[in-house]
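Trainee: pasting the structure only:
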């Protein structure tokens, strides 16, 4: 039985170049690390002839092109098979995450690159692991993908990987330690129950969580029994909700620190509760644990 090959490698290469806005020089740059890895040379003349359809790439050069362009080598040969590669990649975390979140948001490489103010070729190189984004570039990419830069650098656990469908946001989970209860009212003793943890979305940029107790923050939609996720930080911007440790007691309030007046104001989100003001030497007994970033509710309790 003859295997039908409806397209040529030249057609596939030209298709990719058109879809991604690549030039032959861009493809050669993407191929460089794989050429070094396999000790194979590929020059401008080689690629030019492949694109023109004058000659077909040999086995090793086909492998290099497939890896560099992140496509199935059999598809690249012109057969009607899935375009995506089957093999699991050992790419760095930022490469995997850039591609993961880009696809989750339904963006093409060209769209993601444009919104992040970089060339399409550069974004593709990041996803292939051929180039490393600078800190500034990583921040712009994270803004485009609506995640934090830290999320782009985190390595996913194998158990967290899920099939990504454009428009459908996969939920990857991780464990957050529960450090006890925090008062939404008068401060309560700060328990540190490090052995308790909960599973929640890995996209939550938090370090630990606390269980809210009381009703002083209901105006901020934080109710008794809610799980509040906290990003650990010693300085929380004024106007944000902070977890504050007062001696051995913890409370959750809007924070307003006025260093020029040596005053800390903790404001509830419920007018039935009083504002707490600490000044002078009282501040020596106070430590900010972090900022509330999100919360989790159990609707079955309502």
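Mentor: Structure received. Not measured: the values here are computed from a predicted model.
Trainee: just the helices in the chain please.
Mentor: Secondary structure of the chain (DSSP state H): helices at 9-20, 24-38, 44-52, 59-69, 73-77, 93-104, 109-115, 120-128, 135-144, 149-153.
Trainee: hey, which of these is tucked in deepest?
Mentor: Sort the helices of the chain by mean neighbour count, taking mean count of other CB atoms under 10 Å, and helix 120-128 sits at the top with a mean of 22. Every C-beta, even on glycine, is put in place using the N, C-alpha and C of the backbone.
Trainee: For that one, give me every contacting residue.
Mentor: The contact list for helix 120-128 (CB atoms under 8 Å, 6 or more residues apart in numbering) reads 20-23, 26, 29-30, 67-68, 70, 91, 94-95, 98-99, 102, 109-110, 112-114, 116, 131-133, 141.
Trainee: how about 6 Å then?
Mentor: 20, 21, 26, 95, 98, 99, 109, 110, 112, 113, 131, 133 (CB atoms under 6 Å, 6 or more residues apart in numbering).
Trainee: cool, and stretch 277-292?
Mentor: 228, 230-234, 236, 240-247, 262-265.
Trainee: Go through these and flag which are in strands.
Mentor: 228, 230-232, 241-246, 263-265 (DSSP state E).
Trainee: Is it possible to get the helices of the chain out as TSV so that each row also shows mean pLDDT and distance to residue 176?
Mentor: Listed next are the helices of the chain as TSV, based on pLDDT from 0 to 100; distance: least, CB to CB, whole Å:
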stretch	mean pLDDT	distance to residue 176
helix 9-20	93	38
helix 24-38	88	37
helix 44-52	94	49
helix 59-69	84	37
helix 73-77	78	41
helix 93-104	82	19
helix 109-115	90	29
helix 120-128	86	29
helix 135-144	87	21
helix 149-153	79	15
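Trainee: ok, residue 138 - contacts?
Mentor: residue 149.
Trainee: Kindly recompute the last result at 8 Å.
Mentor: Applying CB under 8 Å, 6+ apart, we find residue 138 in contact with 94, 149, 152, 153.
Trainee: Residues in a beta bridge with the closest residue to residue 261 other than its chain neighbours, which ones?
Mentor: Spatial nearest neighbour of residue 261, chain neighbours left out: residue 279 (7.5 Å); criterion: CB to CB, 6 or more residues apart in numbering. Taking DSSP bridges as the rule, residue 279 bridges to residue 263.
Trainee: got a list of contacts for stretch 27-41?
Mentor: For stretch 27-41, using CB under 8 Å, 6+ apart, the contacting residues are 13, 17, 42-44, 47, 60-61, 63-65, 67-69, 121, 124-125, 128-130.
Trainee: any weak-confidence spans in the stretch 201-302 of the chain?
Mentor: Applying pLDDT under 70 to the stretch 201-302 of the chain picks out residues 248, 300-302.
Trainee: All the strands of it, in order from the start?
Mentor: 208-214, 227-232, 241-246, 249-258, 263-267, 276-279, 286-296 (DSSP state E, counting those that start in this stretch).
Trainee: Redo these as JSON lines? Include distance to residue 176.
Mentor: What follows is those, written out as JSON lines (distance: least, CB to CB, whole Å):
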{"stretch": "strand 208-214", "distance to residue 176": "5"}
{"stretch": "strand 227-232", "distance to residue 176": "7"}
{"stretch": "strand 241-246", "distance to residue 176": "14"}
{"stretch": "strand 249-258", "distance to residue 176": "16"}
{"stretch": "strand 263-267", "distance to residue 176": "24"}
{"stretch": "strand 276-279", "distance to residue 176": "27"}
{"stretch": "strand 286-296", "distance to residue 176": "10"}
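Trainee: between those, which one is nearest to residue 79?
Mentor: With CB to CB as the measure, strand 286-296 is the member of these nearest residue 79 (46.8 Å).
Trainee: Could you pull out the buried residues of that closest one?
Mentor: Using 16 or more other CB atoms under 10 Å as the test for burial, strand 286-296 gives 288, 289, 290, 291, 292, 293, 294, 295.
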